[in-house]
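Participant: Just the structure for this:
(one chain, ligands or ions: 2)
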Amino acid sequence: MAIITYPNEFCKQEAWELVLSAGYSPIAIFTSKKFGNGKLGLPSGKANSIKEQIQQLEADFIFVDDRIKASQAYELSKFFGGIKVIDRNKLILDIFENRAATAEAKLQVKLAELTYEIPRVKDMVKIRRQGEQTGMFGYGAYEADKYVRSLRRQMHEISRKLDEFKTRKAIQMKKRQEGDFFLVSLAGYTGAGKTTIFNLMSNQTKPITGKYFTTLTTTLRMINGIDGAYISDTVGFIERLPHYMIDSFKSTLEEITYSDLVFLVSDYSLPEDEFYRKYRASINVLKELGVPLSRVTVVLNKVDKRKETYKFQDNEISNWLEISAKKDYNTQSLKSSIINSMKLVENKPL
Ligand SMILES: Nc1nc2c(ncn2[C@@H]2O[C@H](COP(=O)(O)OP(=O)(O)OP(=O)(O)O)[C@@H](O)[C@H]2O)c(=O)[nH]1
Ligand SMILES: [Mg+2]
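Facilitator: Residues are numbered from 1 along each chain as shown. Ligands and ions are numbered 1, 2, ... in the order given. Sure, this is the predicted structure:
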């Protein structure tokens, strides 16, 4: 698969990892400063220069690392001689679809896929009206309307089923609150080390692969050695995650909203700009979910691998700690932090 992404190192590396995580073999990377404009979704000079090289490489897929319209993907594919083109949202959806193991996760992914699909069907109708023979995409306006209606019906049905999961979770949550349970959530960018910490604190053996989005479903376990405290491992965040995907995964992510304490896990071995880019993206998701930052403790993980000297700084955050989950270094501080916040909650006047 050939990749087209933005020219900076962060995007190049992340795009490469995403392609690997989706199970494809990346063979070349091209860059463009602009996406989503014009007929091809790429500047035409850029598209021309990529075309020549792609033909030599015999690439079978192109991954465009941003959102492009269905009509642009279609035009681009035609322009490149029939190679399949997928955009960032679609690639992330494919990874999620491969990883979804539980009934709830499968429904969440399906809902996100349907939300992705609807504007694309409408877009293809437009291009068909312009006289294009779009093959498989060839919906006439009438069929398209019918198809969109059936997609909407499916979405409605899935949302209803997901609501049932939500109700069940809300009941569990209420029981937990009544039972005075203390809930800690692990949140953060994909690959930051959440599951490694989760396994360590709860004696579990959930899979850790080093690939993006290894964890899709929330798991809740008791924390070793702290009575009444539970820890929850959640799905990872990523930059430029479309809003509808956060919406589809809301019931999974809601665990974070209900938590007494959120560990925002960050990979502190990354270079400064990459660290902050991922950190900011994660903080923004927490804000979007309505998590008060006073409940957030930043866990600066992977210090064993760290070659950098910058110091973490965020005026909105007053608690952070440095650990290595893999080497079990300073992980006792996670427990101290939990015990301290448990005391604070206990002493809070009603
Ligand atoms: N060097 C080093 N590697 C670590 C540390 N903690 C985790 N890792 C590695 O980082 C990679 C990702 O770890 P995970 O625990 O799966 O990360 P995650 O945040 O759960 O990732 P997602 O489930 O994709 O969101 C794995 O290869 C881990 O072995 C650490 O303290 N030091
Ligand atoms: Mg994980």
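
Participant: Nearest residue to Gln204 in space, please, no chain neighbours.
Facilitator: The shortest distance from Gln204 to any non-neighbouring residue, by Cβ to Cβ, 6 or more residues apart in numbering, is to Arg221 (5.9 Å). In short, each C-beta sits where N, CA and C put it, glycine included.

Participant: same check, this time on Ser77
Facilitator: Once flanking residues are discounted, Ser77 sits nearest to Val85: 4.5 Å by Cβ to Cβ, 6+ apart.

Participant: which other helices and strands contact the lengthiest helix in the chain?
Facilitator: When the chain is parsed with DSSP state H, its longest helix is helix 141-178. Under the contact definition 3 or more Cβ pairs under 8 Å, 6 or more residues apart in numbering; DSSP states H and E, helix 141-178 sits against helix 103-129, helix 250-258.

Participant: Just put the ones you listed in TSV and tack on distance to Gln56, mean pLDDT and mean neighbour count.
Facilitator: Listed next are the helices and strands packed on helix 141-178 as TSV, based on distance: least, Cβ to Cβ, whole Å; pLDDT from 0 to 100; neighbours: other Cβ atoms under 10 Å:
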stretch	distance to Gln56	mean pLDDT	mean neighbour count
helix 103-129	29	89	19
helix 250-258	43	82	20
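
Participant: Let's have the ones you listed in TSV, adding distance to Ala22.
Facilitator: Output for the helices and strands packed on helix 141-178, formatted as TSV (distance: least, Cβ to Cβ, whole Å):
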stretch	distance to Ala22
helix 103-129	13
helix 250-258	20
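
Participant: before we move on, the earlier item: so how far is ligand 1 from the residue nearest to Ser77?
Facilitator: 26 Å (Cβ to the nearest ligand atom, to the nearest Å).

Participant: which residues in this structure form helices?
Facilitator: Under DSSP H, the chain gives helices at 9-21, 44-57, 70-79, 88-99, 103-129, 141-178, 194-202, 243-248, 250-258, 272-288, 332-347.

Participant: on that earlier part again, same list (the helices and strands packed on helix 141-178) but as a markdown table, adding distance to ligand 2.
Facilitator: Below are the helices and strands packed on helix 141-178 laid out as a markdown table (distance: least, Cβ to the ion, whole Å):
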| stretch | distance to ligand 2 |
| --- | --- |
| helix 103-129 | 13 |
| helix 250-258 | 12 |
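
Participant: okay, these in JSON lines with distance to ligand 1 next?
Facilitator: Converted to JSON lines, the helices and strands packed on helix 141-178 look like this (distance: least, Cβ to the nearest ligand atom, whole Å):
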{"stretch": "helix 103-129", "distance to ligand 1": "13"}
{"stretch": "helix 250-258", "distance to ligand 1": "12"}
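
Participant: mind listing what whichever residue of the chain sits closest to ligand 1 touches?
Facilitator: Of all residues in the chain, Gly236 sits closest to ligand 1, at 2.5 Å by Cβ to the nearest ligand atom. Applying Cβ atoms under 8 Å, 6 or more residues apart in numbering to Gly236 gives the contacts 188-192, 194, 212-215.

Participant: Repeat that for Leu162.
Facilitator: Contact partners of Leu162, counting by Cβ under 8 Å, 6+ apart, are 104, 107-108, 111, 251.

Participant: Please tell me the pLDDT value assigned to it.
Facilitator: Note on Leu162: pLDDT of 92.

Participant: what do you get for Ala101?
Facilitator: 85.

Participant: Distance of it relative to Thr331?
Facilitator: Ala101 sits at a distance of 27 Å from Thr331 (criterion: Cβ to Cβ, to the nearest Å).

Participant: So if I had to pick from these two, which one is more boxed in?
Facilitator: Comparing Ala101 with Thr331 by neighbour count (other Cβ atoms under 10 Å), the higher total belongs to Thr331, at 19 against 10.

Participant: before we move on, back to that, surely the residue nearest to Ser77 touches Ile62?
Facilitator: Yes - assessed by Cβ atoms under 8 Å, Val85 is found in contact with Ile62 at 4.8 Å.

Participant: Can you name the residues of the chain that neighbour ligand 2?
Facilitator: 194-195, 214-215 (Cβ under 5 Å from the ion).
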